[in-house]
Each structure stands twice: as C-alpha cells, then as structure tokens.
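>>> what follows is a predicted structure for the sequence shown.
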Amino acid sequence: MLEEKGFQYSILASGSSGNAFYVETPKQKLLIDAGLTGKKITSLLADIGRTPEDLDAILVTHEHSDHIKGVGVLARKYKLDVYANEATWKIIDDKNMIGKLDVAQKHVFGRDKTLTFGDLDIESYGVSHDAVDPQFYRLIKDDKSFVMLTDTGYVSDRLAGLIENADAYLIESNHDIDILRSGSYPWSLKQRILSDKGHLSNEDGAETMIRTIGQRTKKIYLGHLSQENNIKELAHMTMETQLMSADFGVGSDFKVLDTSPNHATPLTRI
C-alpha cells in the first residue's frame, strides 16, 4: 500500500489557559507544548483516537505555564524525550518548572535550526514575547508545511518572509484592542499584552496573514484567543474582513477556522 503524503495534525487546545498541538506521521507522533494537566491532554488525545503511549517526544516553545504545565508529568510517566532551546531549559531547570527529568530525556533544539524527527522536518524560529528565548515551529514533510505562530507581539519582515506560503497556519488572534483597553486588567498587564513582546491582536494576526499567505495556503486557524479580552466570532470576522479587503479568496481559496481551549480540532491531513 502506498504511504499517504504529508502528515496529520490536531490543535488539541489553544488559548490563554493552555496550549497543545499534536502532529503525526507514519514514523513519529509528537506533542508541541503541553500546557494543560496530563489528565486533560490524555482526554484531548482520546478525542482524536490517540493516547499518550503513542507519543515519541514533546517540543517546547517557551517556559510559560500555559505551554509547559503538563510536560513533566507526561514525560516522566511515558518516558518521552523533551526538546527546548538552551535558554529555555536553563530557566525551566533553575525554577524547577516541570520537576525532575532523566538527563537522557532532555534535548536541545536551538533557535533557527532544523531537526528531523523520523520522516518529519521541523524548523524553529524566534518570536518576540516576554519569555527568555521563545521559538515556534514550521512542520515540513513531502513538500507540505504547517506554520505555528502565537505568543508574539509583532512579526518582523524577516519572519514573515521565512514562513510565507505555508499550506496551513495557526496564527495568534489573542485580543480585541478595544475590549482589552476597556476591560478589568490592570494597566501594567494591558501594556504588557499590547507591547512588542506581548500578543498579536485580531487586527495584527490578520495583517500578518495578508503578508504571508500564498497560493498553497488552504487553512488558517485562529489561536491563543483570550477568554477575557476577545470574542471568537469577533476574531473570526476581523480575520475574514481584513483578508477580503485585501482581495484574498476567503472561503474559496482557503478557509478561516476556529480553535478552542477545551476541545481538539479534528485530526486533519495536510
């Protein structure tokens, strides 16, 4: 039987309360981030017909708890390899953020590097966020690619060029600026979110997509929505409206899709 091209993925959870992404090829099954409890991630995997025993490794984007909460317990229980860059490992270890792991489970995945996991190539790239050395990933197999880009305050021209024309994107639509400004957060936190090391607004996410999507692009997932400072329907409408205003074929050339902090997206082949 001929092997199917590309790879399968599910956004298990995306939001300020926790993030986890699953990717699968015939040779590898990986988590990127595990920012929920081990029990919740097990439940989310079950929703797509998978178990933690299936996993080979966890890749970490940065040390914030909504991205690493379940890393330690999953890695210890299922003997998983864990990958992060050196600065992220240092702060995780110095602050004992995930508990003790066997040294053989800990691996370095440096920024602006490419590692091969079985039959899947993964590229890392730095983002602008208030973590020690945050990075996200592009997944590549059989000339198909998925770009993950959340937890960043802005997107440089260099990064926009690096990630252009992917088959699918997970792009941050964290907040609506007006809701955030009029909300209950203290001013210092509002400033942090709005800064170049904070999070992309709905408008910022749409502007980033205008700069990066290409003829290959078929799916845009809206990620890391704030439960306090955003509304799913507003984020979706903002993305579609700005893309249509820029003469992109929303709904015909590609789809704009939602994610959830509590429910996995269907297992999808790219």
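All right, it came through fine. Quantities reported herein were computed from a predicted structural model and do not represent experimental measurements. Numbering: from 1, shown residues only.

>>> show me what contacts the residue nearest the centre of the chain?
Nearest to the centroid of the C-alpha atoms of the chain, with distances taken as CA atoms, centre = their mean, sits residue 148, at 4.5 Å. By CB atoms under 8 Å, 6 or more residues apart in numbering, residue 148 lies in contact with 21, 32, 61, 136-139, 169-170. (Glycine included, C-beta is placed from N, CA and C.)

>>> also residue 270?
If you count contacts by CB under 8 Å, 6+ apart, then residue 270 has 6-9, 144-146, 167-168, 219 around it.

>>> widest-spaced pair of the contacts of residue 148?
Using CB to CB, the pair of the contacts of residue 148 lying farthest apart is 61 and 169, separated by 15.3 Å.

>>> secondary structure element for residue 184?
Using DSSP states H and E, no element contains residue 184; it sits outside every helix and strand.

>>> mind checking the SS state of the closest residue to it other than its chain neighbours?
With CB to CB, 6 or more residues apart in numbering as the measure, residue 228 is the residue that lies nearest to residue 184, at 7.6 Å, once sequence neighbours are left out. Following DSSP: H, G, I helix; E, B strand; the rest coil, the label given to residue 228 is coil.

>>> roughly how far apart are residue 228 and residue 16?
Plainly put, residue 228 is 8 Å away from residue 16 if you go by CB to CB, to the nearest Å.

>>> run through this protein and note the low-pLDDT ranges.
Along the chain, the parts satisfying pLDDT under 70 run over 1-3.

>>> and the helices in it?
Counting by DSSP state H, the chain has these helices, from start to end: 38-47, 65-68, 71-78, 86-94, 157-162, 177-182, 187-194, 202-212, 232-245.

>>> residue 17 and residue 226 touch, don't they?
No. Using CB atoms under 8 Å as the test, residue 17 is too far from residue 226 to be in contact (9.5 Å).

>>> before we move on, back to that, do you know which of the helices of the chain lies nearest residue 266?
Comparing these by their distance to residue 266 (CB to CB), the top pick is helix 38-47, with 9.1 Å.

>>> would you mark the buried spots in that closest one?
Of the residues in helix 38-47, those buried by neighbour count under the rule 16 or more other CB atoms under 10 Å are 38, 40-42, 44-45.

>>> ok, stretch 80-89 next?
Under the neighbour-count rule (16+ other CB under 10 Å), stretch 80-89 has 80-85, 87-89 buried.

>>> farthest-apart pair in the residues you listed, please.
Distances among the buried residues of stretch 80-89 were taken as CB to CB; the most separated pair is 80 and 87, at 21.4 Å.

>>> quick one, strands of the stretch 1-150 of the chain?
In the stretch 1-150 of the chain, the strands defined using DSSP state E, counting those that start in this stretch lie at 8-13, 20-24, 29-34, 57-59, 81-84, 106-108, 114-117, 120-126, 135-141, 144-149.

>>> ok, and what's touching the third one?
It refers to strand 29-34. 12, 19-24, 41, 50, 54-61, 67-71, 74, 117, 120, 137, 148.
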